[in-house]
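A.B. asks: what follows is a protein structure lacking sequence information:
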């Protein structure tokens, strides 16, 4: 494959909200400063190699639909390299300087683990070269521990010790490669760490295994001098009936139980959040207030659909709430926003790859601009401050220091009589919120 | 009110599975020994005062439908006492020797907290008397912190400090009363501890308040010498959009974060479990493997309904799974099974109260009998044991002791080549399970 | 009660998008023309008497929270009249000239049906008077057939013939009253027309009864010369497990089966739509393409909540989709937008009543403005036109006339070989849609 | 491939409930008479070729896991024939004498439609031969119109006329083949007849196309003298966001609108029922009371999972409710029970194919036996009869004949005063139901 992969498409430019050009940014202006930081530094956008370059359009009832011109129908090493070049051209034209990958996305399996690792090294060498030229580096890397049949019962939670060992070897290599490429984080998504039925499962034992595995990963990270953040990505179900990292709170419980809290943060995915019965904003805030918000997998689901649709986020209100959490968190670095989102199966034009990413980037950029307006306006923050002001008192301080005992409180209750309770002003807060959209 | 409250109904007897008499037990035989324990000791059944004696049949679209003959339409102290007598007669006839209550179920509010507490004392004195005669004692008590408008923004998580204090005073009294009546547990169901919208909510601050509140409860418990277990009852939502005790894992994360783990266990309610997207069995097992299974609120929901229906459990498979967790837990004592279940709104005959409880007791009894068969048969346990036997090895032991590092594991993985993975035998496990139903 | 009910609040004015005044319209400008019609004529907004003047804030776990100054705590005829005056003042100040009511909202029950009807007449006489002065008239009326215990098994589908007769008498009167007040529609929401369990239900017989009932209503409407549209309001469940008017398609199937299609249209409620697993836009379009879109109950639910929350709609994207259906339908007249939406339980200030309605009106107005932009832009419509252009051909015409047989089609298929299939351009259509928000 | 495909497994025999042999029937005894009919005639079981012989274990996150010994890794004509022989051996050993298939399951595609049809004919010739030897015949056939990328926008509802024509040609051939093999029904499952987003969709036009297509199918059926029943299989969503045949009521509305009611019945699938928010029993009853119950796709979903899991039904209560509808319907012939159910991805032993089917057959057989007990007992039917007895009166008859007008009913209501309403006895009905399980 000689020449450009995306010949008709040049670097995507910011043209402002009035532009009708689908191949331009209307809201995302990388170098523009908002709330004291360049937009690109708030977002640290990343292209997900798997969806964008390995997504086929297949679904449980349908065969692949994509036939990108650069694909030759094989999974050869040659094809892997060509695809990698296409990826860097895509990211450069899009103006995104980070990428995310699974080991299996970027290089074909060999006949043995050793051969597989050699294949990976060959592609990684090319990636390194392309990285140097483009200044695009990994936001994070990860090992794919769910597609291969060997992982059908899980990886770290497989009932087979040989699979556990194999998974460890795979993570070891993926971590080395991520480190070598200058990755800033390493992600654990427990694709099959869960169960299909409790009837055949020893859940306690499987969770113990998972903890041992993650502890070994922590140890290995330190050993090789990798300073990236380790991230757990919660998801409630799919492919298994029940994934062990159900949601942020479940992951937090697990990390605390096994003494792993200081070593991991969370990668929150909006579509996973809603599948677990929470709003995305709830999951982000849960992670944030527990010091665990490390990265965001930027996508969305369909409120009427019970599986992971991994759509590009285009809802402005949702994007504004997401950015509210990010701004409160002071940003996400060394994490960022990874587009764990895929084209619809029926979107088969090469330009659709660009349109989808532009749409996702613009939506989040619009969210950030809205948050800036919300903060400037100030009335929502003031409404919240006032709601809790009765705790900004002596008794409030006593309570918040953990020193208010029941006898003291009872005395106050009797002394005060029936407490007054103010309106929650939900409709007003919604009106204010909408006013900045 | 003189004489019997349930004149046509005598003590419910065990008549065995072939009986057609709705007012008899077909499966629950209190004194019969199953798996080394009397049935009554496995279950420790309790009647929930609120549903059975205060349930009106009202729903969001409907007025009360129940008009029990002993009710006079008032909420007077006199009526409270009469109702208490009806309750003890009911429980005796049903053959249940535990009960559960909120403070507000059993006594009317006064004009002040002091007057309210006096009312409570008056009814509690009668209850004590009735308890002594009947040997029926509280499985647990609790304070109702959700019905009154003062609690509309929460109790321990209210935005108003006066409400926090009032709630503390109420829990203090309820705990004293529970202790006085010989209650074996005390429950916290965070009825309005949650939020309706994050827009007006400081979630982090509210959770800090909740932790302070629970710590104060622990301190007070110790101070008064109450040795009952403190129980948190998870529920995902309703009445709020998001309850802070979403599910067992969320509660566990919270308890660990605030250093409260050793002080609380969980009261798992099946209907709450399914509303949170889990099977009841999952929640029970999650509690159990974390040493938190303290009590069960025995009810069920409707798989197609998104709110708390609090139905009596009649599904045999479900009951068998529930009892599987209980047997693995070695029972629930000092906890038990509380019937947090209510008559359907349209069930308006006095005998329906008996039929519903009998049905619930028989269903769980049938579940226990099935578990005994499952254990005797042994083939399901053997299937599970075999699934994990590759971990009953030297490498398995190394992993489970936390000492298997990635280098060692990688060496094994290379040495062994592609691991073999056995069938999960889910269909076989389902077949075996069904064979005992 | 002398003087104003809402003393601090004057008539709500349009102040444009930059206004920060919560008590002003930012987007709704009644007399402004959009797409060839005044905004007020597109919307035909209506206040729902039940939520706004009878909503108490009670929920399944909570007592009433509202204590409006004009309420005296009784359900007397006097109170009913005072409340009616408050309602007309509210609507006038809000600038809404339609209202909706159930018979039971506006007048207290008497001891007999005759007395109840007399009470209703007394309040209706006052309403008539207030209507004349204010030019506010009913968008629709209806009978409340779900709150009273007599309706616990349904009204037209009750298992008791006496209840069926009683319901008929109630609808007869409510229809007369609606007619008398100049109502333009009459609504049937089958609050308890459904079942709680199929075990005790003869669904076929109940549906036959429902059809007889609705046929009798059609006959009576004609008899009294009432020309208003009869509307069925689908809802999937709540209060029953399964409501017979599950969704638009279910209602359409029922109407056709019983020969009632020409006589009824549908009142689509957004929150009911999402509870039935559809987007609101889907339900509106389903009604529209079948000629059944008659009215909209303007509210929204919470995507994570499984019961009817009846919130005021504040989502801009949703509002734009709603208005897209309305514009395609050429408006809704003689139907309109009824605010079947309630204050959150925690919103207890009188001004919250205004804020909530203003927010709902502004959101829909913003939706209409967005639709105008979408139509002006034209690119989305063009995208859709192009997608189907292969049917704007001879063969397409043959198919659409129902004359293309399988042999002809097979010949074409063989002749043409593998058909080409274009990208669905979903991401582009989402980008265009968002650009007008 | 010479010799047996399932060498260690002989014909599955009925051994009764006490048998511990997984490869035996405990409840299904083909020739035993229950409720006046042989069990095999109640069920008319069918093996689904696609799941059992083409299911690979792949899922959205996982590669195939099954490696049946007879598969050679190709999709050749030779392999198709070998697989067909395996299928007939399997069905014979299982004791199932019907089968179901898509055209694409049984024969590979050729380069052109003509070649594809020739391939199909070649395999069908073998199937015909095997059918004659084994007396196993198709319960139904169908065309697979969802897997191939050409169908990504639908088949009869595709936006491309060429796809519509291709689909017609495919159905034409599939119908001929089904007729030739003696199939008793022909099924339409609208795999991609729906939409992914309304933004790019003309729903009205697509539904018109679907109706034209089905009308052409009716015409062609008559032309070739095929007397089998045409069946529509409702499903709410997946793969599309919204399938046009959402549920039984939606399909019924569609059939009536387009004048197709007399020509089609429904194929109800339990897992589709629950995905649409209904119980399976509800969908069966909806079909039954509208004269549309034609066939059952016997499977089940997971109550906590939002996608089609197609599990074998093992729930006894559910099976009893299913059989209650079937018995009320007088059976399903010429329809039957097709096992549209698949092994779990992790079940990889050949014997698992047998175990799963045996479990499914036994569960339904147990359901039938329970229905027989329920009918013999009679008390549930009596409870229902009594509930409605007030309609077995003169006024009831007037209502049911459609002649009771509102004036007559009002007179009665006034005359009778407040109607009495009996308890719904839901708990009693659940107790009775459980007693036969």
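C.D. replies: Okay, I see it. These numbers come from a predicted model, not from an experiment.
A.B. asks: CA atoms for contacts and neighbours, from now on please.
C.D. replies: Noted.
A.B. asks: up against chain D, what does the stretch 51-200 of chain A have?
C.D. replies: A:59-65, A:146-149, A:152-153, A:191 (CA under 8 Å from any CA of the partner chain).
A.B. asks: so which pair among those is furthest apart in space?
C.D. replies: Across these, the longest distance by CA to CA is 29.2 Å; it joins A:65 and A:153.
A.B. asks: which one's more surrounded, those two?
C.D. replies: The neighbour comparison of residue A:65 against residue A:153 (other CA atoms under 10 Å in any protein chain shown) goes to residue A:153, with 26 against 23.
A.B. asks: what helices and strands are in contact with the longest helix seen in chain A?
C.D. replies: Identified as the longest helix of chain A according to DSSP state H is helix A:350-377. Here helix A:350-377 touches strand A:24-25, strand A:33-34, helix A:77-94, helix A:316-328, helix C:426-435, going by 3 or more CA pairs under 8 Å, 6 or more residues apart in numbering or on different chains; DSSP states H and E.
A.B. asks: and it, how far out from the chain middle?
C.D. replies: Relative to the chain's own centre, helix A:350-377 is displaced by 16 Å; criterion: CA atoms, centre = their mean, to the nearest Å.
A.B. asks: where does the stretch 301-437 of chain A come near chain B, residue by residue?
C.D. replies: Within reach of chain B by CA under 8 Å from any CA, the stretch 301-437 of chain A has these residues: A:380, A:383-384, A:387-391, A:395-396, A:399-407, A:409-414, A:416-421, A:424-426, A:429-430.
A.B. asks: now list the buried members of those.
C.D. replies: For these, a neighbour count by 16 or more other CA atoms under 10 Å in any protein chain shown gives the buried set as A:380, A:383-384, A:387-388, A:391, A:395-396, A:399-400, A:402, A:404-406, A:409-410, A:412-413, A:419, A:421, A:424-426, A:429-430.
A.B. asks: among the residues you listed, which are in strands?
C.D. replies: Applying DSSP state E to these, no entry is found in strands.
A.B. asks: all strands for the stretch 101-250 of chain A, in order.
C.D. replies: With strands called from DSSP state E, counting those that start in this stretch, the stretch 101-250 of chain A shows them at A:137-142, A:185-188, A:194-195, A:229-232, A:242-243.
A.B. asks: want to throw these into a markdown table with mean pLDDT?
C.D. replies: Below are those laid out as a markdown table (pLDDT from 0 to 100):
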| stretch | mean pLDDT |
| --- | --- |
| strand A:137-142 | 98 |
| strand A:185-188 | 98 |
| strand A:194-195 | 98 |
| strand A:229-232 | 98 |
| strand A:242-243 | 98 |
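A.B. asks: got the confidence number for the residue sitting nearest the centre point of chain A?
C.D. replies: In chain A, the centroid-proximal residue (CA atoms, centre = their mean) is residue A:297; its distance is 2.2 Å. The score at residue A:297 is 97. That number is its pLDDT.
A.B. asks: ok, and the closest non-adjacent residue to it?
C.D. replies: Leaving aside its chain neighbours, residue A:297 sits nearest to residue A:269 (4.4 Å; criterion: CA to CA, 6 or more residues apart in numbering or on different chains).
A.B. asks: ok, the residue nearest to the centre of chain A to chain D distance?
C.D. replies: Counting by CA to the nearest CA, to the nearest Å, the separation of residue A:297 from chain D is 17 Å.
A.B. asks: same deal with residue A:109?
C.D. replies: To chain D, residue A:109 is 14 Å away according to CA to the nearest CA.
A.B. asks: what of residue A:190?
C.D. replies: 12 Å.
A.B. asks: my read: that residue touches residue A:245, true?
C.D. replies: Yes - under the criterion of CA atoms under 8 Å, residue A:190 makes contact with residue A:245 at 7.1 Å.
A.B. asks: now for those two: what residues contact both?
C.D. replies: Taking CA atoms under 8 Å, 6 or more residues apart in numbering or on different chains as the contact rule, residue A:190 and residue A:245 both touch A:233, A:234.
A.B. asks: may I have the phi/psi pair for the residue in the stretch 251-400 of chain A that chain D sits nearest to?
C.D. replies: Of all residues in the stretch 251-400 of chain A, residue A:306 sits closest to chain D, at 4.1 Å by CA to the nearest CA. Phi and psi for residue A:306, reported as degrees, to the nearest 10, are phi -100, psi 20.
A.B. asks: near chain C, which residues of chain A are found?
C.D. replies: Residues of chain A lying near chain C (CA under 8 Å from any CA): A:17, A:22, A:274, A:277-279, A:303-304, A:314-315, A:317, A:343-344, A:346-349, A:352, A:355-356, A:359, A:422-428, A:430-431, A:434-435.
A.B. asks: let's see that with 6 Å instead.
C.D. replies: Neighbours of chain C within chain A, by CA under 6 Å from any CA of the partner chain: A:277, A:304, A:346, A:347, A:348, A:356, A:423, A:424, A:425, A:427.
A.B. asks: for the last one, which non-adjacent residue is closest in space?
C.D. replies: Looking back up the chat, that one is residue A:427. Nearest non-adjacent residue to residue A:427 (CA to CA, 6+ apart): residue C:356, at 5.5 Å.
A.B. asks: how many other residues sit next to that neighbour?
C.D. replies: Neighbours around residue C:356, by other CA under 10 Å: 29.
A.B. asks: just to revisit the earlier point, make a markdown table from the strands of the stretch 101-250 of chain A and add mean neighbour count to it.
C.D. replies: What follows is these, written out as a markdown table (neighbours: other CA atoms under 10 Å in any protein chain shown):
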| stretch | mean neighbour count |
| --- | --- |
| strand A:137-142 | 26 |
| strand A:185-188 | 25 |
| strand A:194-195 | 26 |
| strand A:229-232 | 23 |
| strand A:242-243 | 22 |
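A.B. asks: tell me the phi and psi of residue A:405?
C.D. replies: According to degrees, to the nearest 10, residue A:405 has phi -90, psi 170.
A.B. asks: how close does the closest residue to residue A:169 other than its chain neighbours get to chain C?
C.D. replies: Distances taken as CA to CA, 6+ apart place residue B:410 nearest to residue A:169, at 4.3 Å, with adjacent residues excluded. Per CA to the nearest CA, residue B:410 is found 43 Å from chain C.
A.B. asks: report the two of the residues of chain A next to chain C separated the most.
C.D. replies: A:348 and A:423 (51.4 Å).
A.B. asks: neighbour count for those two, which is higher?
C.D. replies: Per other CA under 10 Å, whichever of residue A:348 and residue A:423 has more neighbours is residue A:348, with 21 against 18.
A.B. asks: any idea of the pLDDT on the more buried one?
C.D. replies: With respect to pLDDT, residue A:348 has a value of 98.
A.B. asks: enumerate every residue touching the closest residue to it other than its chain neighbours.
C.D. replies: Distance criterion CA to CA, 6+ apart; nearest residue to residue A:348, sequence neighbours excluded, is residue C:423 at 4.8 Å. Remark: with contacts taken as CA atoms under 6 Å, 6 or more residues apart in numbering or on different chains, residue C:423 is in contact with A:346, A:347, A:348.
A.B. asks: swap in residue A:138?
C.D. replies: Per CA under 6 Å, 6+ apart, neighbours of residue A:138: A:98, A:99, A:100, A:183.
A.B. asks: columns distance to residue B:283 on top of the strands of the stretch 101-250 of chain A, output as a markdown table?
C.D. replies: Below are these laid out as a markdown table (distance: least, CA to CA, whole Å):
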| stretch | distance to residue B:283 |
| --- | --- |
| strand A:137-142 | 30 |
| strand A:185-188 | 24 |
| strand A:194-195 | 14 |
| strand A:229-232 | 22 |
| strand A:242-243 | 11 |
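A.B. asks: so which of these gets nearest residue A:328?
C.D. replies: Of all these, strand A:229-232 comes closest under CA to CA, at 19.6 Å.
A.B. asks: what pairs with that closest one, and is each one parallel or antiparallel?
C.D. replies: strand A:185-188 (parallel), strand A:264-269 (parallel) (DSSP bridges).
A.B. asks: for that strand, give me every contacting residue.
C.D. replies: Counting by CA under 6 Å, 6+ apart, residues outside strand A:229-232 touching it are A:185, A:186, A:187, A:188, A:264, A:265, A:266, A:267.
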